[in-house]
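S.K.: my questions concern the predicted model and sequence given below.
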Amino acid sequence: MKFPYNEKVLEHFRRPHNVGKLENPDGKATEGSPACGDMVSVYIKVNPQSNIIEDIKFESYGCASNIATGSIITDMAKGKTLEEAKKITWQQATEALGGLPPIKAHCSVLAVEGLRAAIQNYEEKHGIIAEKVPTTIEIVNNRLKKVMNPLTGLDVVRTNLIKKIEIDNGKVLLTIDLPSNHQFAASIREEIKEKIETLWDVKEVIVDFIE
Amino acid sequence: MEKNVYLDNAAATRLDERVLEAMKKYYFEVYAVATSEFGYSLGIEAREALDESREFIAKNIGADFEEIVFTSGSTESSNTALKGVAMDLKEKKGKHIIVSKIEDFPVLNSAKSLERQGFEITYLDVDQYGLINLDQLEKSIRNDTVLVSIQHANQEIGTMQDISKISEICKNKDVLFHTDATHTFTRVPIDLKKIPADLVTLSAHTIHGPKETGALFIRKNTQISKWMDGGFQEFNKRAGLENIPGAVGFAKAIELVTPEENKNIQNMRNHLIKKVLGEIPDTTLNGHKEKRTPQNANITFHYVEGESITLHLDMRGFSVSTGSACFSKSLEASHVIMGIGGDHERAHGSVRFTFGRYNTMEDVESIVENISEVVSELRKISPLGKIHEEDKK
């Protein structure tokens, strides 16, 4: 038989680790991607002295790569400090899984975001969040690095799709180097909006295409 | 390898051995080009085989011999119908075409391609079952409308349009009507003596015939502009070397479909729908309860994602497909499920089961048992399922 994923991915998909919900979690988050419809929830228990993630669970309303990434990333985060866990990248998770099809990038990146968002949720609840800094082009650019170009599986910054970023009074204007009738235009727009709109001082995000 | 239960017959079917047997002669013995009646004997024999196949297919749908043009399948047939009519009538009549929103890609993307070339396309809405509104169709027809293309049955949800009424409306308004009958041909009888359709797409790949083999019915006196240049084959409507083994196999495949088989397929399909909806909670049938092809079932399993279901089933030896965005190369949710007013969630957990000659009642029993387990496992790890259960409490 020939399956669309490697044996390691299939193993995590068949018997995912750390599945379920934690009662009274210290941090939790749900991330969803309107582009493909997947959703993932992450729950963490944190030791307040050591800042170590003592327990972690996830739930997935998603496809195989979403479930497998949720499984591996919760394995990777367990026993790590919040700072260490925050630094786990999508690339590291994919490597640990022995690779994923590029087009599946954004289904799996969601699990990584779920982990980061759960940590952020913990930090906000416990007042560990850094002081509010005004949004800059650099901050926007960093967030855009999390938006995948499904054609290549690489982010939209690295694949030079971002033509222009303008910030004006809480309004973020972006121009994408793709025609508006491109097969992924709508999903890329949705993902960009999702990422940028959550910045505390952003009121509106406008995503334009070149034609 | 364990036994594979194949329930994706709308996508492709297993070739029937008897079809292959019939075709062999035209690969190994009578392999000549179909010559004119004054050609050499091998070519005359090839010509006769082609003619006989054409005659057989024509009779099956109430058409005349010269109304059947062999093609490389549904995609080519529908492209020829839409683009052939558009090019012929754009100067003479106008540049407006009507299609439904849920057409299969050969029709939908031909329409979009014509749109880019300056045609105006009306994409008709469908109701929650996938049926177009006949009044809306009638109102959409204008003086410059050159073609209406509405499928006989839908590729994903199996909903059957009333092509009898649709073709009457078009006839009364003096507009050409094309229908893609890929998913009804031989499974549902069609009589073109009674239904005044002008162009009909037919294919062998869904009825255990050879792949890349189809036909386009073109009613007498219907003009289409020939778009592929070459020789004068197929009444000068389709250039290219005739696929004689394909034509012979196509005719044989049609001959092998019996009313008993169609009844049997429908019984299996009905049993599957009844069992799934009865035994697995939070499931919805997509499409129409009665107005659907006998071989199609399409069900949404709420709170879980389709690719996860199909991959689990694949690992257990079942082949089915889903309308989930995660399953498609374009990462777009099914335009059919979205078209019937479904949301992403409905498409996300939708699974299509399509039956064919080689399925059995045991297949139904075993897939229902397996899908029940798979869905229940996936719901355990889904955040949505739990939210829902908490609501119930």
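M.R.: Nice, thanks for sending it over. All figures in this text were calculated on a predicted structure; none of them were measured in a lab.

S.K.: got the residue ranges for the strands in chain A?
M.R.: A:27-32, A:39-47, A:52-61, A:148-149, A:154-155, A:162-168, A:171-176, A:204-209 (DSSP state E).

S.K.: using CSV, lay out those together with distance to chain B.
M.R.: For the C-beta atoms, the positions are set from N, CA and C on the backbone; glycine is no exception. Conversion of the strands of chain A to CSV gives the following (distance: least, C-beta to the nearest C-beta, whole Å):
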stretch, distance to chain B
strand A:27-32, 6
strand A:39-47, 4
strand A:52-61, 4
strand A:148-149, 10
strand A:154-155, 15
strand A:162-168, 20
strand A:171-176, 17
strand A:204-209, 16
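
S.K.: list the contacts of A:Thr66.
M.R.: Slight slip there: residue A:66 is Asn, not Thr. By C-beta atoms under 8 Å, 6 or more residues apart in numbering or on different chains, A:Asn66 lies in contact with A:38, A:40, A:60, A:107-108, A:110-111, B:305, B:326.

S.K.: rerun at 10 Å
M.R.: Going by C-beta atoms under 10 Å, 6 or more residues apart in numbering or on different chains, A:Asn66 touches A:13, A:33, A:36, A:38-40, A:58, A:60, A:104, A:106-111, A:114, B:305, B:307-308, B:326.

S.K.: after the helix or strand hosting B:Ser308, next one along is what?
M.R.: Remark: B:Ser308 resides in helix B:306-315, with elements defined by DSSP states H and E. Using DSSP H and E, the helix or strand that follows helix B:306-315 in sequence is strand B:318-319.

S.K.: tell me the strands beside that following strand, with direction?
M.R.: For strand B:318-319, sheet partners with direction are given as strand B:5-6 (parallel), following DSSP bridges.

S.K.: now find how far off-centre the very next helix or strand once past the strand it pairs with is within its chain.
M.R.: Using DSSP H and E, the helix or strand that follows strand B:5-6 towards the C-terminus is helix B:17-28. Relative to the centre of its chain, helix B:17-28 is centred 25 Å away, using C-alpha atoms, centre = their mean, to the nearest Å.

S.K.: repeat for stretch B:79-94
M.R.: The chain centroid and the centroid of stretch B:79-94 are separated by 23 Å, computed with C-alpha atoms, centre = their mean.

S.K.: buried ones in that stretch?
M.R.: For stretch B:79-94, the neighbour count (16 or more other C-beta atoms under 10 Å in any protein chain shown) marks B:79-90, B:93-94 as buried.

S.K.: could I have it exported to PDB, CA atoms only?
M.R.: Taking C-alpha atoms only, stretch B:79-94 is exported to PDB below (Å, rounded to 0.1, in the frame of the first residue of the first chain):
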ATOM      1  CA  ASN B  79     -14.800  21.600 -23.500                       C
ATOM      2  CA  THR B  80     -16.000  20.900 -27.100                       C
ATOM      3  CA  ALA B  81     -19.600  21.600 -26.300                       C
ATOM      4  CA  LEU B  82     -19.000  24.900 -24.500                       C
ATOM      5  CA  LYS B  83     -16.200  26.300 -26.500                       C
ATOM      6  CA  GLY B  84     -17.400  24.900 -29.800                       C
ATOM      7  CA  VAL B  85     -20.800  26.500 -29.400                       C
ATOM      8  CA  ALA B  86     -19.400  29.700 -28.000                       C
ATOM      9  CA  MET B  87     -17.000  30.200 -30.900                       C
ATOM     10  CA  ASP B  88     -19.600  29.400 -33.500                       C
ATOM     11  CA  LEU B  89     -22.200  31.800 -32.100                       C
ATOM     12  CA  LYS B  90     -20.300  34.700 -30.700                       C
ATOM     13  CA  GLU B  91     -20.600  36.700 -33.900                       C
ATOM     14  CA  LYS B  92     -24.000  35.300 -34.900                       C
ATOM     15  CA  LYS B  93     -25.900  35.500 -31.700                       C
ATOM     16  CA  GLY B  94     -24.100  36.700 -28.600                       C
END
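
S.K.: shouldn't A:Leu144 be in contact with A:Lys164?
M.R.: No. Taking contacts as C-beta atoms under 10 Å, A:Leu144 lies outside contact range of A:Lys164: 11.9 Å.

S.K.: so what sits against both of the two?
M.R.: Going by C-beta under 10 Å, 6+ apart, residues that sit against A:Leu144 and also against A:Lys164 are A:174, A:176.

S.K.: these two: which has the busier surroundings?
M.R.: Shown here are A:Leu144 and A:Lys164; by other C-beta atoms under 10 Å in any protein chain shown, A:Leu144 has more neighbours (21 against 12).

S.K.: dump the residue contacts of the more buried one.
M.R.: A:155-158, A:161-162, A:165, A:174, A:176, A:191-192, A:195-196.

S.K.: pLDDT below threshold where in the chain?
M.R.: All of this is about chain A. Residue ranges of chain A with pLDDT under 70: A:33-36, A:129-131, A:150-153.

S.K.: oops, wrong one, chain B.
M.R.: Looking at chain B by pLDDT under 70, you get B:1-2, B:329-331, B:385-393.

S.K.: how does it divide into domains?
M.R.: Following automatic domain parsing, chain B resolves into domains at B:17-256, B:259-392.

S.K.: equivalent analysis for chain A, please.
M.R.: With automatic domain parsing as the reference, chain A has domains A:7-125, A:137-209.

S.K.: pick the most buried one from these.
M.R.: Comparing the domains of chain A by mean neighbour count (mean count of other C-beta atoms under 10 Å in any protein chain shown), domain A:7-125 ranks first with a mean of 21.

S.K.: got phi/psi on residue 183?
M.R.: No chain in the question, so chain A it is. phi -60, psi -30 (degrees, to the nearest 10).

S.K.: go on, A:Asp26?
M.R.: Main-chain torsions, A:Asp26, degrees, to the nearest 10: phi -80, psi -30.

S.K.: before we move on, the earlier item: closest one to B:Glu234 among the domains of chain A?
M.R.: B:Glu234 lies closest, by C-beta to C-beta, to one member of the domains of chain A: domain A:137-209, at 34.0 Å.

S.K.: good, we can wrap up now.
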